[in-house]
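**Student:** coordinates only, sequence not included:
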């Protein structure tokens with residue numbers, strides 16, 4: 001299967017699919033952290049290149065419910081509209097099977113995107129002890145089934161120390177989730 005992992009610099013999801021024999025490519029404006037099949041550039045330029053499956057991780061900073069107050073306090077409405085429009089374009093891409101991933105969105109973003117998410121998962125459902133509500137908007141894919149429910153759940157992600165790489169560290173997909181995507185969606 002020809003798989004596009006959109007807006008992924010880490011290479012984690014791409015490599016999970018590659019290990020299962022798929023022709024998996026990541027695409028991001030940033031270079032990849034794990035060497036492999038990566039297109040550094042604008043994902044919008046390659047959406048029509050015959051992909052069988054796309055998993056997309058569009059920027060969430062202006063769409064997440066956790067940051068809705070900044071829209072008012074810092075007047076970031078234009079940034080939010082741009083981010084929601086980009087999200088909607090990924091959702092409407094000419095690819096039959098799609099999963100778009102983001103945190104729980106605020107109502108303003110949902111209105112532009114046009115619909116709510118189909119599923120919420122957490123890392124603790126896939127072998128990691130953290131809580132981090134992650135939503136999926138799915139097309140032609142089943143809900144992702146938990147693979148390894150663990151105890152000791154902690155809200156570690158939002159405690160990431162301030163710094164220039166904070167957003168990167170918070171955005172990486174957990175390996176257990178990446179493996180579940182490749183195993184379950186790579187067979188659909």
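**Tutor:** Okay, I see it. Bear in mind the structure is a predicted one, so any value in this text is a computation, not a measurement.

**Student:** Show me the helices in the protein, by range?
**Tutor:** 12-19, 68-73, 77-91, 107-113, 166-171, 175-185 (DSSP state H).

**Student:** will you turn these into JSON lines that also has distance to residue 41, mean pLDDT and mean neighbour count?
**Tutor:** C-beta coordinates here come from the backbone N, C-alpha and C atoms, glycine included. Output for those, formatted as JSON lines (distance: least, Cβ to Cβ, whole Å; pLDDT from 0 to 100; neighbours: other Cβ atoms under 10 Å):
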{"stretch": "helix 12-19", "distance to residue 41": "15", "mean pLDDT": "98", "mean neighbour count": "22"}
{"stretch": "helix 68-73", "distance to residue 41": "29", "mean pLDDT": "84", "mean neighbour count": "12"}
{"stretch": "helix 77-91", "distance to residue 41": "15", "mean pLDDT": "95", "mean neighbour count": "17"}
{"stretch": "helix 107-113", "distance to residue 41": "24", "mean pLDDT": "95", "mean neighbour count": "16"}
{"stretch": "helix 166-171", "distance to residue 41": "19", "mean pLDDT": "60", "mean neighbour count": "14"}
{"stretch": "helix 175-185", "distance to residue 41": "22", "mean pLDDT": "98", "mean neighbour count": "20"}
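
**Student:** Select, out of those, the one closest to residue 141.
**Tutor:** Proximity to residue 141, assessed across those by Cβ to Cβ, is greatest for helix 175-185 (5.4 Å).

**Student:** now the helices of the chain as CSV including distance to residue 1?
**Tutor:** As requested, these are arranged in CSV below (distance: least, Cβ to Cβ, whole Å):
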stretch, distance to residue 1
helix 12-19, 8
helix 68-73, 37
helix 77-91, 18
helix 107-113, 26
helix 166-171, 25
helix 175-185, 9
